[in-house]
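*Asks:* 3D model of this:
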Amino acid sequence: MITLRPAGSRGHFDFGWLDTHHTFSFGDYFAPDHERFRSLRVLNEDRVQPGQGFGTHGHRDMEILTWVLSGALEHRDSLGTHGVIRPGEAQIMSAGTGIRHSEFNASAIEPVHFLQIWMLPERQGLPPRYDQVAFPEAGLRNRLCLIGSRDGAEGSVSIIQALKVFAARLDAGHEVQAALGPGRAGFLQVTVGSVALNGASLNAGDGARIEGESSITVVAQAPSEILLFDLA
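*Replies:* Below you'll find the predicted structure:
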């Protein structure tokens, strides 16, 4: 069963410096039918204006994945990490017993557009940690590239949960396929373009819950980018 989460149905706030859409309940946005999906707790699509960002704040017991669509995002945290995240790079921050960080647009002239994704860890009280991995364009082009996994397989970032996260950049007309094991579910987020998911049409910003399907086929109807979550 494919259950669509249209872009326009998400929570939306425009604060001037930040334009944000929430797929699941977050902050002042409460959606009782969209609290979470399995271990996927937050999926925010953010656009931050030049020179603006999120000041230092704290997190605990959450796996936080950042995926930049355009622009560059500067990160600093209480572990002493300082870096810039760009398109094609996955950043994971395991908050564990507690971490403080800030995120700012690294540019003074261009906005940054990114997804921030929170996943519930399989256990709490772990030491906080940080990692960032760049994936080559060839690895993302017209194939599902593993960018996050429990064991850091294929050079992906390690996420303390029994899940896999894939990214793909698809040329128009190309397709990718994936199998979902027994008892597992998927969530597809379209970040750019438009695709057909087992025949259902999705455009940029749309998401879809995938349940009771042993396999999925995603066909790009235009140049597109997708994220696919394989969830226990």
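*Asks:* other SSEs contacting the worst-scoring helix or strand of the chain on mean pLDDT?
*Replies:* One helix or strand of the chain scores below all others by mean pLDDT, DSSP states H and E: strand 53-59, with a mean of 87. Counting contacts by 3 or more Cβ pairs under 8 Å, 6 or more residues apart in numbering; DSSP states H and E, strand 53-59 is packed against strand 73-77, strand 99-105. (C-beta placed from N, C-alpha, C; glycine too.)
*Asks:* Name the nearest residue to the residue nearest the centre of the chain, ignoring sequence neighbours.
*Replies:* Within the chain, one residue has its C-alpha closest to the average C-alpha position: by Cα atoms, centre = their mean, that is residue 117, at 4.5 Å. Nearest residue to residue 117, sequence neighbours excluded (Cβ to Cβ, 6 or more residues apart in numbering): residue 65, at 4.3 Å.
*Asks:* The helices and strands packed on strand 53-59: which one's closest to residue 51?
*Replies:* Checking the helices and strands packed on strand 53-59 against residue 51 by Cβ to Cβ gives strand 99-105 as the closest, at 6.1 Å.
*Asks:* Work out the sheet partners of the closest one and label each with its direction, please.
*Replies:* strand 53-59 (antiparallel), strand 73-77 (antiparallel) (DSSP bridges).
*Asks:* which of the ones you listed sits most buried?
*Replies:* A comparison of those by mean neighbour count, using mean count of other Cβ atoms under 10 Å, puts strand 73-77 on top with a mean of 19.
*Asks:* next SSE after that strand?
*Replies:* Note on strand 73-77: by DSSP states H and E, the next helix or strand toward the C-terminus is strand 82-85.
*Asks:* what element comes up after that following strand heading to the C-terminus?
*Replies:* Once the chain leaves strand 82-85, the next helix or strand it forms, by DSSP H and E, is strand 89-94.
*Asks:* For that following strand, what is the distance to the chain centroid?
*Replies:* Centroid displacement of strand 89-94 relative to its chain, using Cα atoms, centre = their mean, to the nearest Å, is 10 Å.
*Asks:* Kindly calculate the angle that that strand makes with strand 99-105.
*Replies:* Angle, strand 89-94 to strand 99-105, by axes from the mean of the first three to the mean of the last three Cα atoms, to 10 degrees: 150 degrees.
*Asks:* and the residue nearest to the centre of the chain, backbone torsions?
*Replies:* Main-chain dihedrals, residue 117, degrees, to the nearest 10: phi -120, psi 130.
*Asks:* show me where the chain has helices.
*Replies:* 137-140 (DSSP state H).
*Asks:* In it, where is pLDDT below threshold?
*Replies:* Nowhere does the chain drop to pLDDT under 70.
*Asks:* Pull out the buried positions in stretch 204-221.
*Replies:* By 16 or more other Cβ atoms under 10 Å, the buried positions in stretch 204-221 come out as 204, 205, 206, 207, 208, 209, 210, 213, 216, 218, 219, 220.
*Asks:* for stretch 192-206, that is, sorry about that
*Replies:* Neighbour counts over stretch 192-206 (16+ other Cβ under 10 Å) mark 192, 193, 194, 195, 197, 202, 203, 204, 205, 206 as buried.
*Asks:* Among those residues, which lie within strands?
*Replies:* Applying DSSP state E to the buried residues of stretch 192-206, the entries found in strands are 192, 194, 195, 197, 202, 203.
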